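Asker: Give me a 3D structure for the following:
(2 chains)
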Amino acid sequence: MESLMAYVVGIMFTAAFYMMLRRSIVKLVIGLMILSNAANLLIFVVSGMTRGAPPLIPEGASGPAGIVADPLPQALILTAIVIAFGVLAFAVVLIRRAYEVVGTDDLDQMKDTDT
Amino acid sequence: MSPELILPVLIPLTAGALSLSLWRSVRYQRILAVLANILLLWSGIWLLMSTTEHGFVIMQMGNWPAPFSIVFVADVLAAIMIVLTGIIGLAIAIYSLASTPRGHEKFGYYPLMHLLLAGVAGSFLTGDIFNLFVWFEVMLLASFALLTLGGERAQMEGAIKYVTLNLFSSAIFLSAVGLLYGMVGTLNMADIAQKVSQVEDPGMITVVAMMFMVSFGIKAAAFPLFFWLPASYHTPQVAVSALFAGLLTKVGVYALFRMFTLIFTQDVDYTHNILLWAATLTMLTGVLGAAAQFEFRRILSFHIVSQIGYMMLGLALYTPLAIIGGVFYIMHHIIVKTNLFLVSGFTYRLLGSYELKNLGGVYKYRPLLAVLFLIPALSLAGIPPLSGFFAKFVIIRAALEAEAYLVTFVALLVGLLTLYSMIKIWAEVFWKKIPDHVHNTEELKGKLNEKHAWAYYVPMVSLAICTLIIGLYGQPIYELAEMSAKQLMNPQLYIDAVLGGNQP
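Answerer: Residues are numbered from 1 along each chain as shown, chains lettered A, B, ... in the order given. Below you'll find the predicted structure:
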């Protein structure tokens, strides 16, 4: 299962880079979305996948019995998802505004500020 | 319980929330901005005093013992950075009173500024690597909004590059945190530093170290990852440029200092050698880029890149003297660079342009402004007895002691080329006659038609005085840098201070 997920993460990173290298700003933002999801999935996979063992402590015990899933990566991913959501919302507004002001969605046309 | 540790984050956050609730009254927001930054500076000085006394100041969130909770840690370096944040925040808040367009003030300029400062302060103080990511994002989101405030064409183009590269760097950072967690099973930096040597496959640690280097390298604008900086820093209005120039890249440099002295020290030959080459090329490409520019703020932006190289050089050489030099350089650079941007903003206010060909005659009509430019400019180039001379001197001496002669040569050459750039600005903006095609010169020649003209001068003069103090009265500042270097070179001190009696 983990090696399969490793391939999935790899494919997602590849897809993200491919999209980010396209010229359209919309595809750029799609690339960023896939990139943040790929990073989240990566955290999930590398911190170990445990099946069907929620980290719950039985009543009266002081610790969970047996091997349980690590809840921390899920908390990290949740935080990262929320942050990525906020940032991407900004990015979507930004590309819309940029399209209005610059009048094109082609990144190659947006090089006035380059040097 | 040490309230001074949480105040530098709490003050800007509270001020940001209060400014939001005062949305309709720009007047109160302005007063609040200045007051909050005075408080921030005060809390920074308090923190610096208690770190120089106790060495480390620690706070555990929710009072959970260290490896399980998020900790805030301040050593001397972090406290120095907080003081600098306070100085720059205050200077920018005062400068904004005069320079920020009314429209920007009405659309949340001050709340965003507070939020940015909270993010910066949080990044300096946190002792938890995922929390560092969160503070980075707080800082980035505020900086995105500040960068695009106004919505002009150049801003949009600059912002797309800035946003894309910074999000890319965040994604790498996040992946690196995930991989590191997978190997050591903890997020507390001190705990990671302790467990990193026990990892079975040290090669993987080096891989993660390189991911952190790329991620922070993008944020710090190191070679070859700096292209977003000169493409975006000259686009927003000048107080924002100055704030970014002073603080944002330095957060990346600080993170590099933290990671590569505390955690990734098991393969110094490999990682710090790459840092050394990156630093050398950063210095060189930055200064050469600046030589080709003829726009005030673009020249200064490229110089940020080249100066970042010196700081990284201090880290890369990884000797106690070099680290002292690096820390000293950060202190000097933040103040000087912000001041130069403020001067560029004032000449823009007088003549309405940043292009060197449209500027001139400032020395004749505004000699005080010319002096205010000359102090930070010569300091940047490293002319004694200003702050930059001592910063460069310590780093170059460390490079000579480490027998890195090529690097020493490049560092000296870059100093010379910096002087060339500064002289170019001086000759074009200050000495040259006003060009014939420039007509709106009444404000340059006569009285400035501005109610808050003092708000331009106060920050520029104060920062220039800071530069002079660092230069002429450098011993206490050098001692601070020495203390922080001592702590950085002995990561065990940090680990013991954070984990205390909780070590396994």
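
Asker: Can you pull out the low-pLDDT segments for the chain?
Answerer: Looking at chain A here, since you left the chain open. A:115 (pLDDT under 70).

Asker: Sorry, I should have been clearer: chain B.
Answerer: The low-confidence ranges in chain B, as defined by pLDDT under 70, are B:1, B:449, B:501-504.

Asker: and the stretch 351-500 of chain B, which of its residues are near chain A?
Answerer: Within the stretch 351-500 of chain B, not a single residue sits near chain A (C-beta under 8 Å from any C-beta of the partner chain). For every residue, glycine as well, the C-beta is placed using N, CA and C.

Asker: Backbone dihedrals for whichever residue of the stretch 351-500 of chain B sits closest to chain A, both of them.
Answerer: The stretch 351-500 of chain B approaches chain A most closely through B:Tyr354 (12.6 Å), counting by C-beta to the nearest C-beta. Here is the backbone geometry of B:Tyr354 (degrees, to the nearest 10): phi -110, psi -10.

Asker: Spit out the contact partners of it.
Answerer: By C-beta atoms under 8 Å, 6 or more residues apart in numbering or on different chains, the contact set of B:Tyr354 is B:His234, B:Glu295, B:Phe296, B:Arg297, B:Arg298, B:Ser344, B:Tyr348.

Asker: Look at B:Ile218 and say how many residues are nearby.
Answerer: By the criterion of other C-beta atoms under 10 Å in any protein chain shown, B:Ile218 has 22 neighbours.

Asker: now swap in B:Val199 and tell me
Answerer: Neighbour tally, B:Val199, other C-beta under 10 Å: 15.

Asker: quick one, what contacts the closest residue to it other than its chain neighbours?
Answerer: Once flanking residues are discounted, B:Val199 sits nearest to B:Met183: 5.1 Å by C-beta to C-beta, 6 or more residues apart in numbering or on different chains. The contact partners of B:Met183, by C-beta under 8 Å, 6+ apart, come to B:Val199, B:Met204, B:Ile205, B:Val208.

Asker: In helices only, show me those residues.
Answerer: B:Met204, B:Ile205, B:Val208 (DSSP state H).

Asker: Now do the contacts for the last one.
Answerer: Going back to what we said before, that points to B:Val208. B:Ala176, B:Leu179, B:Leu180, B:Met183, B:Phe264.

Asker: Let me have the residues you listed in TSV, extended by secondary structure and distance to B:Gly500.
Answerer: Listed next are these as TSV, based on DSSP: H, G, I helix; E, B strand; the rest coil; distance: C-beta to C-beta, whole Å:
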residue	secondary structure	distance to B:Gly500
B:Ala176	helix	27
B:Leu179	helix	28
B:Leu180	helix	23
B:Met183	helix	24
B:Phe264	coil	23
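
Asker: so B:Asp75 touches B:Ser484, yeah?
Answerer: Yes: B:Asp75 is within contact range of B:Ser484, at 6.6 Å (criterion: C-beta atoms under 8 Å).

Asker: who's more crowded, those two?
Answerer: Neighbour tally, B:Asp75 and B:Ser484, criterion other C-beta under 10 Å: the higher count belongs to B:Ser484, 27 against 24.

Asker: quick one, what contacts that one?
Answerer: Here B:Ser484 is in contact with B:Asp75, B:Val76, B:Leu77, B:Ile80, B:Ile323, B:Val327 (C-beta under 8 Å, 6+ apart).

Asker: can we see that at 6 Å?
Answerer: B:Val76, B:Leu77, B:Val327 (C-beta atoms under 6 Å, 6 or more residues apart in numbering or on different chains).

Asker: Remind me which helix or strand the last one belongs to.
Answerer: B:Val327 belongs to helix B:320-351 when assigned by DSSP states H and E.

Asker: now swap in B:Pro384 and tell me
Answerer: Going by DSSP H and E, B:Pro384 is not in any helix or strand.

Asker: Count the residues that sit near the residue of the stretch 1-150 of chain B found nearest chain A.
Answerer: Nearest residue of the stretch 1-150 of chain B to chain A (C-beta to the nearest C-beta) works out as B:Glu137 at 4.7 Å. Using other C-beta under 10 Å, B:Glu137 is surrounded by 24 other residues.

Asker: hang on, isn't it packed against A:Ile83?
Answerer: Yes: under the criterion of C-beta atoms under 6 Å, B:Glu137 makes contact with A:Ile83 at 4.7 Å.

Asker: show me where the stretch 251-400 of chain B has helices.
Answerer: B:268-291, B:296-317, B:320-351, B:362-365, B:367-381, B:387-401 (DSSP state H, counting those that start in this stretch).

Asker: again with chain A
Answerer: A:2-20, A:25-46, A:71-102.

Asker: List the buried residues for the longest one?
Answerer: Neighbour counts over helix A:71-102 (16 or more other C-beta atoms under 10 Å in any protein chain shown) mark A:72-73, A:76-77, A:79-80, A:83-84, A:87-88, A:90-91, A:94-95, A:98, A:102 as buried.

Asker: Ok, the shortest one next?
Answerer: Of the residues in helix A:2-20, those buried under the neighbour-count criterion (16+ other C-beta under 10 Å) are A:Val9, A:Met12, A:Phe13, A:Ala16, A:Met19, A:Met20.

Asker: Right, I'll call it a day here.
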